[in-house]
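Visitor: could you work out the structure for the sequence below:
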Amino acid sequence: MSSSSKPRNSMGRMKHLLSSAEDADVHFLVGQKKELLHAHKLILKHASEVFEAMFRFDAQKEKTENASAEAVVEVPDVEAAAFRVMLAFIYADDLSDLNGENAMAVLYAAKKYGVDELISLSLKKLSIPTLPNVFLAYAQACLLLLEDFARQCLLYICQNATTLFDTEQFLQIDQNLLGEIFGRDQVVVSNEFEIWKAALRWADEKCRQKGTLCSSKNRRAALGPALFRIRFPLMPTEEFTKYIVTSGLLTIEEFVAVYQFHCHPNCLPGLYPLKFPCHGRISDWNKPKKNRGTLAMEIDKFSEFARETKGKSRFSKAVTIKGIQWKIEAEVMLKEDCNEKRLAVYLWCTSPRNDKSWSCKCSAILRIVAQKGEAENFTGQFNGRVFNHKLNNLGFPNLITVAQLMDSDKGLYDKLEDRISIVIDVTVEEQKGAKRKLADE
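Guide: Next up, the predicted model:
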């Protein structure tokens with residue numbers, strides 16, 4: 001290049017240095033096709049501590065092995081186009097080739113090599129609704145420990161479940177993600193039967209991929225723990241009988257437990273334990289019921305919560321039943337006489353508009369929901385208890401020890417997610433004071 005054609009500013013000179021590979025001393029074989037890209041160690045190591053550590057190790061290796069100073073680095077897990085975008089940013093702050101289509105791949109490269117500013121810029125380019133595969137984006141975000149972005153992806157999946165369940169991308173997700181989606185209270189569907197249809201579609205695809213028959217046995221095996229995230233008790237008995245029982249996926253004990261829940265929840269809970277969640281999806285939580293409702297809460301980071309014994313409580317979302325708001329409170333109590341931590345769970349209620357004349361008699365069935373398909377729920381209940389504006393909470397102050405709750409054999413604690421799930425079914429039997437019209441608002 002003649003002196004007259006040389007770039008006149010530092011930005012142009014850096015771009016030229018990258019494109020010409022002049023005096024390059026590190027070479028990358030990138031992607032599955034091993035595309036050769038050239039760079040300069042001095043520039044890369046000042047942009048990233050990862051590159052700095054990598055080249056320091058190479059320098060030590062060169063001294064001991066008398067190797068060539070020009071290194072060749074294989075990078076099979078990064079797309080070549082994404083690697084070029086990263087180099088352009090490192091050399092000249094050039095983001096002209098960064099767009100919504102390649103931002104996820106660039107994000108992966110930036111995270112791998114610790115180019116922090118490029119990570120934040122790539123995230124800004126990502127528009128979740130335009131992602132070609134939001135399921136894959138969620139999985140990659142979890143892998144890269146991008147918690148906020150992963151949370152946004154999962155929320156988008158939940159809010160658009162009906163549409164996404166019909167996509168080919170949904171059929172390619174793994175069993176763990178399927179269970180994660182089915183287990184979320186935030187999944188927006190018109191009814192639980194939509195979840196069931198999606199589960200069958202996914203299971204049939206897995207059977208086809210394995211070359212096996214789409215039998216009830218193979219479908220159940222494919223679904224695994226995800227089957228126990230489907231809220232069969234929310235289905236009308238006619239629909240449950242016509243489609244679920246006849247499918248053969250549930251055992252006799254499992255579908256009898258669902259019938260029992262509809263007919264008489266207190267009948268033989270030990271003989272036919274309910275293994276499926278029975279609380280509504282979040283879109284149903286605030287709908288007033290005539291005299292019955294379900295409260296639910298998940299305690300995330302339970303191991304951290306269990307260490308708190310000084311009045312640190314957690315509350316569920318409120319549910320309105322016959323014009324009265326109900327919620328769950330959970331806290332860990334220390335019994336000083338035996339130095340034992342126990343989980344305490346209470347049912348709280350408050351009348352809207354601060355009406356002090358109200359009272360009601362109610363019954364409640366509590367469940368700590370099993371996190372493993374073969375495990376049993378832990379249950380407790382009370383009947384005919386009176387609530388009013390002064391006595392507005394009752395419950396189970398010594399429900400279960402923390403040690404028992406976290407015992408892996410009991411299956412009540414999800415160690416991977418560090419979470420427990422609590423459900424209380426409330427039936428209001430008698431009521432005075434709270435105006436009838438509130439129940440219909």
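Visitor: please make it C-alpha for all contacts and neighbour counts, starting now.
Guide: Will do.
Visitor: please parse this structure into its domains.
Guide: 3-126, 157-263, 286-440 (automatic domain parsing).
Visitor: can you give me the buried ones in the longest strand seen in the chain?
Guide: In the chain, with assignment by DSSP state E, the single longest strand is strand 419-432. For strand 419-432, the neighbour count (16 or more other C-alpha atoms under 10 Å) marks 419-428, 431 as buried.
Visitor: coming back round to it: how about TSV for the domains of the chain, with mean pLDDT and distance to Cys278 added?
Guide: Listed next are these as TSV, based on pLDDT from 0 to 100; distance: least, C-alpha to C-alpha, whole Å:
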stretch	mean pLDDT	distance to Cys278
domain 3-126	85	36
domain 157-263	93	5
domain 286-440	79	8
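Visitor: who wins for proximity to Leu136 among these?
Guide: The closest of those to Leu136 is domain 157-263. By C-alpha to C-alpha, the value is 7.8 Å.
Visitor: who touches the host helix or strand of Asn218?
Guide: Element membership of Asn218, judged by DSSP states H and E, is helix 216-223. Helix 216-223 is contacted by residues 175, 199-200, 203-204, 206-207, 212, 227, 247-249 when judged by C-alpha atoms under 8 Å, 6 or more residues apart in numbering.
Visitor: confirm Phe396 sits in a strand?
Guide: Yes. Counting by DSSP: H, G, I helix; E, B strand; the rest coil, Phe396 is found in a strand.
Visitor: what strand or helix carries the closest residue to it other than its chain neighbours?
Guide: Nearest non-adjacent residue to Phe396, counting by C-alpha to C-alpha, 6 or more residues apart in numbering: Val345, 5.2 Å away. For Val345, the element it lies in under DSSP H and E is strand 340-350.
Visitor: if I look at Thr243, how far off is Phe255?
Guide: Small correction: residue 243 is Tyr, not Thr. Distance of Tyr243 to Phe255, given as C-alpha to C-alpha, to the nearest Å: 12 Å.
Visitor: where do the strands sit along this structure?
Guide: Secondary structure of the chain (DSSP E): strands located at 26-30, 35-39, 71-75, 292-300, 314-315, 319-321, 324-335, 340-350, 359-368, 378-388, 393-401, 419-432.
Visitor: so who does Met104 touch?
Guide: Met104 makes contacts with 122, 126, 137, as judged by C-alpha under 8 Å, 6+ apart.
Visitor: look at the last one and report its pLDDT.
Guide: Per-residue confidence for Ala137 comes out at a pLDDT of 92.
Visitor: pretty sure it contacts Cys153?
Guide: Yes. If you go by C-alpha atoms under 8 Å, Ala137 and Cys153 touch, sitting 7.2 Å apart.
Visitor: who has more neighbours out of the two?
Guide: Using other C-alpha atoms under 10 Å, the more surrounded residue of Ala137 and Cys153 is Cys153, with 23 against 19.
Visitor: what sits closest to that one if chain neighbours are left out?
Guide: Nearest residue to Cys153, sequence neighbours excluded (C-alpha to C-alpha, 6+ apart): Tyr138, at 5.5 Å.
Visitor: run a quick neighbour tally on that neighbour.
Guide: Around Tyr138 there are 23 residues (other C-alpha under 10 Å).
Visitor: on that earlier part again, comparing Tyr243 and Phe255, which shows the higher neighbour count?
Guide: Neighbour count, other C-alpha under 10 Å: between Tyr243 and Phe255, Phe255 has more, with 22 against 12.
Visitor: contacts only, for that one.
Guide: Contacts for Phe255 were tallied using C-alpha under 8 Å, 6+ apart; they are Val245.
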